[in-house]
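Chemist: Sharing a sequence plus its predicted fold:
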Amino acid sequence: MDSPVLYEAILWDNDGILVDSEFLYFEFTREALAGLGVNLTLADYQEINLRQGLNVFGLAEQLGVTEDVIEKTKAERNALFRDRIAEGVEMIDGVRETLEALHGHLPMAVVTSSWPENLNAMHRDHGLEHYFETVVAGGATPHFKPHPAPYLLAAERLKVRPDRCLVVEDSERGLQAAVRAGMRCAVVPNELTRVGDFSEAYRVLKNVREVVPLVFADAS
């Protein structure tokens, strides 16, 4: 059994953990790829994006679609997704009470592949910004999850050792990023991500509310 650990920071994924945007992003990506002749199934997206952390637009490359066309399609997808976010995205159940319970006890950060403008819009809408000391969003490092760079940058900004961080993730690629960064990771799977292999997780939780007793139990 693992010995108790006093965490010095909690690092949160965003999409599917704090806000319910994961499936929405899949739908916009599926529509974009359909315009390039690619039939992106949910199973494909789960395997390629959420498990392996690869770009599903690689499927278009395999059909011979040029890089210029792919980049133009991505930009159009991103603009449509941004417009949809501006209409509002639901917060995951239990998030606010969980952040309230932890706020002031430990510094917290968001580590996400979402672009800053999308993340800011979602957090502004729900008033979440003040809970986090720093944010590592898409483009902050040369590498995306499952590479450890985003989580290592968050630890560096918070001036804490990686092994003193608890990461809260929902996907296999996020778990791999945390593990490779030398951090403990609690996974809260959802309907989209539950197909992942979470055998390396420190804990697999039913919902974000379970993060609070986990943190305080490990600190005792």
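Modeler: The structure has been received and is ready for your questions. Residues are numbered from 1 along each chain as shown.
Chemist: hey, let's count contacts and neighbours off CA atoms from now on
Modeler: Fine.
Chemist: Show the average pLDDT along the top helix by length along the chain.
Modeler: Ranked by residue count and defined by DSSP state H, the top helix of the chain is helix 67-86. Helix 67-86 comes out with an average pLDDT of 94.
Chemist: now do stretch 173-183
Modeler: Along stretch 173-183, the predicted local confidence has a mean pLDDT of 98.
Chemist: For that stretch, what is the distance to the chain centroid?
Modeler: Between the centre of stretch 173-183 and the centre of its chain there are 12 Å (CA atoms, centre = their mean, to the nearest Å).
Chemist: Over to stretch 203-212?
Modeler: Its chain's average C-alpha position is 15 Å from that of stretch 203-212, according to CA atoms, centre = their mean.
Chemist: Mind jotting down where the helices sit in this protein?
Modeler: In the chain, helices defined by DSSP H lie at 22-34, 42-45, 58-62, 67-86, 95-102, 116-126, 149-158, 172-180, 211-218, listed in chain order.
Chemist: What residues of the third one count as buried?
Modeler: By neighbour count, with 16 or more other CA atoms under 10 Å as the criterion, the buried positions of helix 58-62 are 59-60.
Chemist: pLDDT below threshold where in the chain?
Modeler: Within the chain, the set of residues satisfying pLDDT under 70 comprises 1-5, 219-220.
Chemist: the domain parsing of it - what is it?
Modeler: Following the assignment in automatic domain parsing, the chain carries domains at 9-20+90-218, 22-86.
Chemist: for the helices of the chain, which one ends up most surrounded?
Modeler: helix 172-180 (a mean of 26; mean count of other CA atoms under 10 Å).
Chemist: Just want the angle from that one to helix 149-158.
Modeler: Here helix 172-180 runs at 50 degrees with respect to helix 149-158, directions being taken by axes from the mean of the first three to the mean of the last three CA atoms, to 10 degrees.
Chemist: Against R184, how distant is the nearest residue to E8 once chain neighbours are set aside?
Modeler: Distances taken as CA to CA, 6 or more residues apart in numbering put R164 closest to E8, at 5.4 Å, once the chain neighbours are dropped. Remark: distance between R164 and R184 (CA to CA, to the nearest Å) = 8 Å.
Chemist: Compare neighbour counts for these two and give me the winner.
Modeler: R184 (23 against 17; other CA atoms under 10 Å).
Chemist: Bridge partners for that one, pull those for me.
Modeler: Bridge pairing for R184 (DSSP bridges) gives the partners L166.
Chemist: Next up, the contacts around A137.
Modeler: Applying CA atoms under 8 Å, 6 or more residues apart in numbering to A137 gives the contacts 110-116, 119.
Chemist: Now do the same contact list for the residue nearest to A154 when sequence neighbours are not counted.
Modeler: The shortest distance from A154 to any residue other than its chain neighbours is 6.3 Å, reached at V136 (CA to CA, 6+ apart). Contact partners of V136, counting by CA under 8 Å, 6+ apart, are 109-112, 150-151, 153-154.
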